[in-house]
Each structure stands twice: as C-alpha cells, then as structure tokens.
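# Sequence plus predicted model, see below.
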Amino acid sequence: MNRLTRDQMAARVAQDIPEGAYVNLGIGLPTKVANYLPIEREVFLQSENGLLGMGPAPAAGEEDWELINAGKQAVTLLTGGCFFHHADSFAMMRGGHLDICVLGAFQVSTKGDLANWHTGEPGAIPAVGGAMDLAIGAKQTFVMMELLTKQGESKLVEACTYPLTGLGCVSRVYTDLAIFDVGPGGAHIVETVEGLTADDLRALTGLTLG
Amino acid sequence: MNRLTRDQMAARVAQDIPEGAYVNLGIGLPTKVANYLPIEREVFLQSENGLLGMGPAPAAGEEDWELINAGKQAVTLLTGGCFFHHADSFAMMRGGHLDICVLGAFQVSTKGDLANWHTGEPGAIPAVGGAMDLAIGAKQTFVMMELLTKQGESKLVEACTYPLTGLGCVSRVYTDLAIFDVGPGGAHIVETVEGLTADDLRALTGLTLG
Amino acid sequence: MIDKTVGNVEEAVAGISDGAAVMIGGFGTAGMPDELIDALIARGVGDLTIINNNAGNGETGVAALIKAGRVRKIICSFPRQTDSHHFDTAYRAGRIELELVPQGNLAARIQAAGAGLGAIFTPTGFGTLLAEGKETRNIDGRDHVLEYPIHADFALIKAHKGDRWGNLVYRKTARNFGPIMAMAAKTTIAQVAEVVPLGALDPETVVTPGIFVQRLVEIGAPQSEKRS
Amino acid sequence: MIDKTVGNVEEAVAGISDGAAVMIGGFGTAGMPDELIDALIARGVGDLTIINNNAGNGETGVAALIKAGRVRKIICSFPRQTDSHHFDTAYRAGRIELELVPQGNLAARIQAAGAGLGAIFTPTGFGTLLAEGKETRNIDGRDHVLEYPIHADFALIKAHKGDRWGNLVYRKTARNFGPIMAMAAKTTIAQVAEVVPLGALDPETVVTPGIFVQRLVEIGAPQSEKRS
C-alpha cells in the first residue's frame, strides 16, 4: 500500500484548490500546500496576522521580520497583495469570505467536529491562537493529518476525545491513506491510496464508512 | 434684557471648547460654532460621514462634492486631517472618543434627556440620521437652542413630550437667554444674559432651577 | 488569471433579480454609484430591498430607482431631505416600506454582517421609539439594545481606483459605507473611476482588499462628479 | 498648538501605575513596542494585566516584562511557544493568571471596546472549553457565544510613522493589533520609527486617526528591527 508522504498529501490538497480561491493554510503541515500550487494558478493565500496575497519565503538574508505569516516565518507579498489589521483579518475569516481553510488536527469526528488545539493533558499550557476562528470561518474547512497515530489509533473518530476546536466545521479530511468527506451524514470515503480497500479502512478506523 | 443672537450663542459655545478638543458639530445652528473658534486654537472637528480635521467651506467654485460634511455641504480638510469609513467614524463617536458634541434640540429635559429628531406629528416622515449616536457618544453633549418656542413655551422641560433621541445624555444647554447644566440632579443656571434674573428664568420656564 | 473587471455596467449588474437585498454606497450623492444604479433600473428588476444611508436625492441614483418603482423596502437612517421628493411620494402613497435605523447602528449592523457576528448590544437608540420591542440589557451600568446584522445579496459601491483582483481605494468622504458594504454582501460590485494595473495600489493603503469585491467596472467620468 | 510627541520613552509611559490594564501590540515580535516595554519595566510598576496576542518571545518585550515579575494576568490567544519560557515558568509556578481567548474573539472584543459596543454574539468557540459557562444563543440557525469588550487603561503600540496630531501608519504585518488597541485604551502610546511633519501623511492612507493616540515617541532604530 502506497502511504502518501507529507509532501504527497500537500500536493493532493493543492489539486483541489481552484484558481481564484481565497485560502488560509494553517501552521505546520498545511503550510506545505503552498509549495504545490502551480505558479500560473492565481490562488489568494491569507494569513490571519493581516495579509492577503502571501508569497513564498524570501531568499536567506532577505527576511523582513515585519512581514511574517501566522507561524511567524518570514514570507513575501505578491504583487496585488495587501495588509490590514487584526479585526479586519478575522472578519474576513469569521464572515465567511475565505473559500477554504486547511488545518492540521489531533482528531476529526465523522460528523466534522475538529480537535486540534489542546491535548487536554494535565499540566499542558493551552494555546488556541486562531484555530477556533479558522475552524468555523471558511466556506470549507479541510483537515490534513496522518490517519493513524504512532500507536495505530485512528484520528478519524466517532466522537473526539480531545477538547474540541469547533463543532461540525470540517467538510473534508486528507490523510496519508485516504480522503474522506465528513459531516452530518457521517464519513464517506472519497479516494484511497493504491492497494487499500474500503474494508481495510473500516478495519483500521473501526468506523462505519460510506 | 440682551437676548443672544444665534451668532452670539455660537460664539459663547466656542468659548467653552478648549484647544485639542475633538468635537462634532451637529447640523444647523451648531455648525456656526466653527466660525468662532480662533484660528490659533487647534480644535479637531469630526464629521460623521468620515472625516476628522474638517476645515472651513471652500471658496465658491472650488467645491469638491466628494468632500462634504454631515449636512452635505462642501467643506475642506485641514492639513493633518484624514478620512475613514462609516463604521470607524461611528466607533469614534459611540466609543466615547469625542470630547464634545454640540446638537440642536426641540426639547431637553432637566435630567438631560434629549428630543431632537422627530416632532412626532402624524404624517411626518421620520429621519434620524446620526442624532441618536451623537447624543450618547461624546464625553459631553452640549445643546444649543432658543430657550422658548415662538409660542413662548420653554424648550427646557421637566420631561420631553417629543420622541426621545437619548436618555440623560445632555450635560449643558446653551440658549439665547441662559446657560444651564442638566443631569441627574436637575437643571442649574450657569449664567444668564444681562438683565435677566434666576427668578425671571423660573417664571419663563416654570421649572425649579438650581 | 483572475480578472474581476467587466466591460460594462450591464455585465456588472448581471444576476441581480427581483426581490434582492441590495446595499448601495453613498452618503447623499458622495459615493453614490449612479451608473450601476442606472444599469439596475435598465435591467428591469423590482421588489428590491435597498440599504443606503438616505432614500435618494434629486433625480439620480437611489431617487431614480424609487421613482422607477423598483424599491419595496428601504433600510436607511435619513430618508427625509429637501430633495427626497420621490421617496416622500412613494412613502405617503404606501408604496414603499421604511426601516429607520440610527446611522451608527446601520454602520455597525452592516459591519457585523461582514464580520460574521450574530448580534451586537449597542447603546444607541436605547429608550427611544426606534428601540421599541427590541431586547435590551444593562451591561456595566449602561443600557443597550440588541441589534442584528444586515446582510445583502449585492452591494453596489463607488470607489476611486481598483485593480483586477478587486482591491479598492476611495476618494475623500465618498468612502463612507463602501468598505463595510463590500464586506456584508454576497456579491459586491464596484464602479471605479480607473482600473489600474496590479501592483499600482500600495499594499499598505488598500482600503478594501480584493476578497470583498466580486466585480468591478471602470466608469471614466461618473455623473456624480459631472454634477459637481 | 497640539503636539502629542514626547521626547523620550520615560515620558511616554508616565502615569502607568500598579494594577493597570495594558494592551501591547504585536504578533510575536512583529509590531512589538520593545522600547516602550523596556521603559515600563524601568518605571517599576507591577501587578499589571497585559493584553497581547502572545505571552512573550525570547528575552525581549512582553517576555522581559513577565521575567521581571510585573504581570499578574495575561489575556492572550497563544501563550505557549518554543520561546515562551518566561511565561511557561511563571505560569507553572502559579505566578501569572491566564485568560485564553481565541484570536478572532480577542480582536473582536478589543474592537468592540473601541467602538463602544456592550457585547457581541460570536460563533467562534461555541461548544468548546473556552466557552464554558458563557451565555450562548442560536441566531438564524447558528450557535453563538456572548463575549464582552476588552478595555484597557493604556495601549503600547508600534507604528511606522506618525505626526504631532497622533495620526499613524504602520508597516506590513507589524500593523496587526495596533489600530484596534489604539481605539480600545483610554491612553494610547505609540512608538514610531519616524515623526513626520503634519501633512506628510496622505489623509487617504492614515490607518489610525490621531483621535485614538494620546502620545507618541520617535525610536529611530527599534530593537525588533535590529534583531532582524
């Protein structure tokens, strides 16, 4: 079975982002999606710290630390991009103006609940950032994650056990083994990697998958 | 008794506007106050349609109809002035950032209630504009009006009979006969025109005046 | 390549249909997108709900739309003016419904729609006729009225310059409701005096980011400027 | 003549006293007013409530303020970072209280304070730990949480240029919370790279109108830019 690498996952998500889409890529794995958007396809990347039209990382030595993304990495601005303040930025998000938000996750439920901000471990210092706004704001929220934990447990679950980020907010889950649509009607398999059947996925996840 | 003219009333209000004050002058009589602010005194005039640092009317023929005040008259912008959108403009007002707002009125109660937007006559088409926002937004709301109607009725009243613009929002009332402080403790005479006594005012208004 | 510019005002107002809720920018005539409104009249749709600060001035813009009998309801702060005769006539004849909103609440409710808020508690209007029947609450010693967002299907606005991504800058007090209406409507249509090449607008000074604009059309010399 | 500029950072932070609620601009180190914070530390006041997106990075700015033991409570969205060790230590030792707020609600609550709203219904956070105990309401089929404005006694922000009336422009993503914090605090103090003559800022491009700024101080070469 051809488990996708993280870069292959990013490339697969990038396929589903059409020209003209307004997109927020979450910190971590989702950031890689930008690397697989063809240059000729105009996609508008938003970063919640106040820029739209985010370009790639600058060359080493060219960083401007007042031009950063939400992960606090130096970035560039495309011609035609612009800056705005934090309230306008989150209005953009909460107001449903973004087409797609791509997030990482600890767990996603078959109904589309998302857990990605807090492990809930005693003693852990919680930090939420923009996760809860991102989760519920865009027209569609995609999640990218490995399907299984290192211990082999499914991160696509009947009900999240980690603290929730948002309820019923995820529409699609991209994993290293399969892509799922999730929502009120439960989880449906969209595609699987070569050599993996729907029954294999049911066995791995323990879920009823349509 | 030396009843003040409308221009004298405007000049008297202008005396009480200190340098550095952020001020909104309502449509009509209050607009005249601007004419009596000494040029060397830097006062910031706000207009709720999105400008701060409003200057005097342009010379005839120099009007720019995209540079107007709330009364839709052509104005100018002082050096150092700026433009902003309507939500920011009313945030400025509602958020308590303006020091003084000067409004006209049909009636003001001794407790500081204001009625200045609607006569309540059957068949009248109501129009409120920014009146309700202006009334409650500034740190201090001043009213300018003739004390008596043409029929000789006091416009400073125990309780407004016209529809209210705001409750307990007026702090001071400038009239052609006297200046009053109003508020929870009732109306107090601040000064009267020459030749007019407190008892004369009590007789004219029928009010208990401190 | 994304190009939101369209060739003419007819294309710009395509898709607006009977019964639509349409925000129209402008404070009096400043910022009024006259050419887009003329195109809307020419399109022949009616039963519209219009959101604007006023209810038309003179013979152009919103006044012309009302005169043409296309407006079922208007949500505004200041309908009655010396030159609002077309509204006055329609209102007195019972042909147009009026929702009167204090100007700051109008702006805040439009902004709340654009920002995805469910409702706001605002102090403006408490204790007045315009808050009758509305939920109120005392918060930190101050009385407030609960007000709901105003959404729209379309916004027609006038800006100064724009680029093919829909970024806009405005001119002086013609800015007024444009930026917040652009955020509150499903489809925002801007008429601009000039379409400039991508990159010609300074990224620090863009007032309306392109995400809020779906179509723009260049109108070289708008009526409102000719009038001046 | 009104001149809001002051000669040095000590004058800039004058009047901030023990127990004050202080908003501090910045997202990470971008827009962090390091020099004003250093002056606040030198001033020797403590028991502060700090409102910032983070809880300090490395050794400067908010991190230095926490290290110096001046912060009783922090209201922020993202305290735990790889370089937030001063916060982590203080938090684990029970020396600092944390109010964790989703970033968009933080921005909206600050903006609501500046705009004089009493409260807002926001969809963000509904059904999560961060909404526990809060009033909720379903509006038009969507669940919302009632959130209250965040006010402050002071805001310390970093802008790019300013004039003697307090008008400000920002630089790139260092803008972030500056404009809304300036509106939400009783006294806003801005450090700017350059004080320019009145009229040097284009009135169309001023981001923070001077009404929201009470003092500004020129810092030629801020630490945060030296670090870069």
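That came through, no problem.

# all contacts plus neighbour counts: C-alpha atoms, from now on.
Will do.

# which residues touch the longest strand seen in chain A?
Counting by DSSP state E, the longest strand found in chain A is strand A:76-83. Contact partners of strand A:76-83, identified using Cα atoms under 8 Å, 6 or more residues apart in numbering or on different chains, comprise A:50-58, A:67-68, C:163, C:165, C:167, C:198-199, C:201-206, C:209, D:172-173, D:175.

# Of those residues, which belong to strands?
A:51-55.

# And the pLDDT at the nearest residue to A:Cys82 once chain neighbours are set aside?
Nearest residue to A:Cys82, sequence neighbours excluded (Cα to Cα, 6 or more residues apart in numbering or on different chains): C:Pro203, at 4.0 Å. Note on C:Pro203: pLDDT of 98.

# In contact with C:Thr82, which residues?
The contact partners of C:Thr82, by Cα under 8 Å, 6+ apart, come to none.

# Pick out the residue of chain C closest to chain D.
C:Ile120 (4.5 Å; Cα to the nearest Cα).

# which among the ones in strands among the contacts of strand A:76-83 are in contact with chain C?
Within the set of these, contact with chain C (Cα under 8 Å from any Cα of the partner chain) is found for A:Leu52.

# Highest neighbour count among the ones in strands among the contacts of strand A:76-83?
Among these, A:Leu51 has the most neighbours (other Cα atoms under 10 Å in any protein chain shown), with 29 neighbours.

# what is the mean pLDDT for the longest strand of chain A?
On average, strand A:76-83 scores 98.

# For the residue of chain C closest to chain D, give me its contacts.
Contacts of C:Ile120 (Cα under 8 Å, 6+ apart): C:109, C:112, C:146-149, D:117-121.

# if we can go back for a sec, could the ones in strands among the contacts of strand A:76-83 be laid out in JSON lines, adding distance to chain D?
What follows is the ones in strands among the contacts of strand A:76-83, written out as JSON lines (distance: Cα to the nearest Cα, whole Å):
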{"residue": "A:Leu51", "distance to chain D": "7"}
{"residue": "A:Leu52", "distance to chain D": "10"}
{"residue": "A:Gly53", "distance to chain D": "12"}
{"residue": "A:Met54", "distance to chain D": "11"}
{"residue": "A:Gly55", "distance to chain D": "13"}
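
# Could you export the ones in strands among the contacts of strand A:76-83 as JSON lines, including pLDDT and distance to D:Arg95?
Shown next, in JSON lines, are the ones in strands among the contacts of strand A:76-83 (pLDDT from 0 to 100; distance: Cα to Cα, whole Å):
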{"residue": "A:Leu51", "pLDDT": "98", "distance to D:Arg95": "36"}
{"residue": "A:Leu52", "pLDDT": "98", "distance to D:Arg95": "39"}
{"residue": "A:Gly53", "pLDDT": "98", "distance to D:Arg95": "41"}
{"residue": "A:Met54", "pLDDT": "97", "distance to D:Arg95": "39"}
{"residue": "A:Gly55", "pLDDT": "96", "distance to D:Arg95": "41"}
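
# What is the burial count for the closest residue to C:Ala131 other than its chain neighbours?
Once flanking residues are discounted, C:Ala131 sits nearest to C:Gly125: 5.9 Å by Cα to Cα, 6+ apart. Residues near C:Gly125, counting by other Cα under 10 Å, number 26.

# Write out the residues of chain C neighbouring chain D.
C:116-123, C:139, C:144, C:170-172, C:204-205.

# among the residues you listed, which are in strands?
C:119-122, C:139, C:144.

# Of the residues you listed, which is the nearest to C:Arg92?
C:Thr122 (30.8 Å; Cα to Cα).

# What score does that closest one have for pLDDT?
98.

# again with C:Ser224
At C:Ser224, the pLDDT recorded in the model is 60.

# can you check A:Ile39 too?
For A:Ile39, the model assigns a pLDDT of 89.

# State the distance from it to chain B.
Separation of A:Ile39 from chain B (Cα to the nearest Cα, to the nearest Å): 35 Å.

# contacting residues around residue 126?
Just so you know, I chose chain A. Counting by Cα under 8 Å, 6+ apart, A:Pro126 touches A:117-118, D:78-80, D:100.

# meant chain C, my bad for not saying
So C:Phe126 contacts B:166-167, C:136, C:143-145 (Cα under 8 Å, 6+ apart).

# Next one: it relative to chain A, how far apart?
26 Å.

# ok but that residue is inside a helix, no?
No. Judged by DSSP: H, G, I helix; E, B strand; the rest coil, C:Phe126 forms no part of a helix; its state is coil.

# confidence score at it?
If you check C:Phe126, the pLDDT there is 98.

# thinking again about what came up before, can you name the two of the residues of chain C next to chain D that sit furthest apart?
C:Ile139 and C:Arg171 (38.0 Å).

# Show me what the lengthiest helix in chain C packs onto, helices and strands only.
Using DSSP state H to define each element, chain C has its longest helix at helix C:103-115. When contacts are defined as 3 or more Cα pairs under 8 Å, 6 or more residues apart in numbering or on different chains; DSSP states H and E, helix C:103-115 sits against helix A:86-94, helix B:86-94, helix B:131-137, strand C:119-122, helix C:178-184.

# The third one - contacts with which helices or strands?
Pointing back at helix B:131-137 there. Looks like helix B:131-137 contacts helix B:86-94, strand B:100-104, helix C:103-115 (3+ Cα pairs under 8 Å, 6+ apart).

# re earlier: looking at the contacts of A:Pro126, spot the one nearest chain B.
Of all the contacts of A:Pro126, D:Leu100 has the smallest distance to chain B: 24.8 Å, by Cα to the nearest Cα.

# ok, back up a step: what angle separates the longest strand of chain A from helix A:86-94?
Using axes from the mean of the first three to the mean of the last three Cα atoms, to 10 degrees, the direction of strand A:76-83 lies 100 degrees away from that of helix A:86-94.

# how about the nearest residue to residue 136, chain neighbours excluded?
Unless you meant another one, I'm taking chain A. A:Cys169 (5.5 Å).

# that answer is for a different chain, and I need it for chain C
C:Val145 (4.4 Å).

# now the contacts of A:Pro126 in CSV, with neighbour count?
Shown next, in CSV, are the contacts of A:Pro126 (neighbours: other Cα atoms under 10 Å in any protein chain shown):
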residue, neighbour count
A:Trp117, 20
A:His118, 18
D:Phe78, 24
D:Pro79, 28
D:Arg80, 20
D:Leu100, 20
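
# related to what we said a few turns ago, okay, C:Ile139 and C:Arg171: which has more neighbours?
The residue with more neighbours, out of C:Ile139 and C:Arg171, is C:Arg171; 17 against 14, by other Cα under 10 Å.

# confidence score at that one?
For C:Arg171, pLDDT reads 98.

# can you name the farthest residue from the center of chain A?
Farthest-out residue of chain A from its mean C-alpha position, per Cα atoms, centre = their mean: A:Gly61, at 29.3 Å.

# quick one: low-confidence parts of chain C?
Residue ranges of chain C with pLDDT under 70: C:222-228.

# All the helices of it, in order from the start?
Along chain C, the segments classed as helices by DSSP H run C:9-12, C:34-43, C:62-67, C:85-92, C:103-115, C:178-184, C:223-227.

# looking at the ones you listed, which is buried most?
Counting by mean count of other Cα atoms under 10 Å in any protein chain shown, helix C:178-184 has the highest mean neighbour count of the helices of chain C, with a mean of 29.

# Show me what that helix is packed against.
Counting contacts by 3+ Cα pairs under 8 Å, 6+ apart, helix C:178-184 packs against helix C:103-115, strand C:152-162.
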